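>>> after the sequence you'll find the predicted model.
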Amino acid sequence: MKPIKKAVLVGGITIVIYLSVVIVTTPALAPLDTINAAFQLNSIVIIGMGMGIGLQIFLSEKSKMLGCRLDLKKKAFGGNSGGAAATSFFSFFSLVPMGCCGWWLYALSLLPGIVGTGVSVVLIEHSQTLSYLGLATIFGFSGITAYKLRREIRLQKLQTL
């Protein structure tokens, strides 16, 4: 599969998975209402995660196609996975006051017992900022990958001269 097609596909799947979790964890609202609420509050996060993961897939596939030997598997995908998980986790908190993601209300009630009250308050109070930080992590790892790919392409060109 071509890199751009695979990137669009995986980016779309990322968005679908995010919205599916929102729908499944919000039984009190109709699916369309849930999706609408999620996009009203977290459109930047939803679209940004799809684009960031898609960009990483594109860079990875492009490097494979060009025969580059970048060590992407451990660092970049681990960073993107961690960034995407953190982004999703914190962005769900902002949906709770609107009636979305009722399951996350239960998760929030358990949070003080796991990390303590002070940390819980900070996580909940700054959940939107933390979700943007996770998004920045996704794009940061993609930027590092793009830099490594560009450097590797330059080295290959120099070796062929």
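Arrived safely.
>>> where along this protein do the helices fall?
Counting by DSSP state H, the chain has helices at residues 3-24, 31-66, 75-93, 102-115, 117-125, 127-160.
>>> report the inter-axis angle for the shortest one versus helix 127-160.
Translated: helix 117-125. If you take axes from the mean of the first three to the mean of the last three Cα atoms, to 10 degrees, helix 117-125 sits at 70 degrees to helix 127-160.
>>> how far does helix 117-125 sit from the chain's center?
22 Å (Cα atoms, centre = their mean, to the nearest Å).
>>> which parts of that helix are buried?
By neighbour count on 16 or more other Cβ atoms under 10 Å, the buried set for helix 117-125 is 120, 123-124. C-beta: built from backbone N, CA, C; applies to glycine.
>>> using JSON lines, lay out the helices of the chain together with mean pLDDT.
Output for the helices of the chain, formatted as JSON lines (pLDDT from 0 to 100):
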{"stretch": "helix 3-24", "mean pLDDT": "92"}
{"stretch": "helix 31-66", "mean pLDDT": "90"}
{"stretch": "helix 75-93", "mean pLDDT": "66"}
{"stretch": "helix 102-115", "mean pLDDT": "72"}
{"stretch": "helix 117-125", "mean pLDDT": "78"}
{"stretch": "helix 127-160", "mean pLDDT": "87"}
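>>> on that earlier part again, dump the buried residues of helix 117-125 into CSV; add distance to Lys2 as well.
Below are the buried residues of helix 117-125 laid out as CSV (distance: Cβ to Cβ, whole Å):
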residue, distance to Lys2
Ser120, 45
Leu123, 40
Ile124, 42
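>>> let me know the closest of those to Glu152.
Nearest to Glu152 out of these is Leu123 (Cβ to Cβ; 38.4 Å).
>>> contacts only, for that closest one.
90, 93, 111, 115, 130 (Cβ atoms under 8 Å, 6 or more residues apart in numbering).
>>> ok, of those, which come out buried?
Buried members of the contacts of Leu123, counted by 16+ other Cβ under 10 Å: 90, 93, 111, 130.
>>> what's the most distant pair in these?
Leu111 and Leu130 (13.0 Å).
>>> gap between the residue nearest the centre of the chain and Ala38?
Geometric centre of the chain, nearest residue: Ala84, 2.7 Å, by Cα atoms, centre = their mean. Distance, Ala84 to Ala38, by Cβ to Cβ, to the nearest Å: 16 Å.
>>> right, I'll leave it there.
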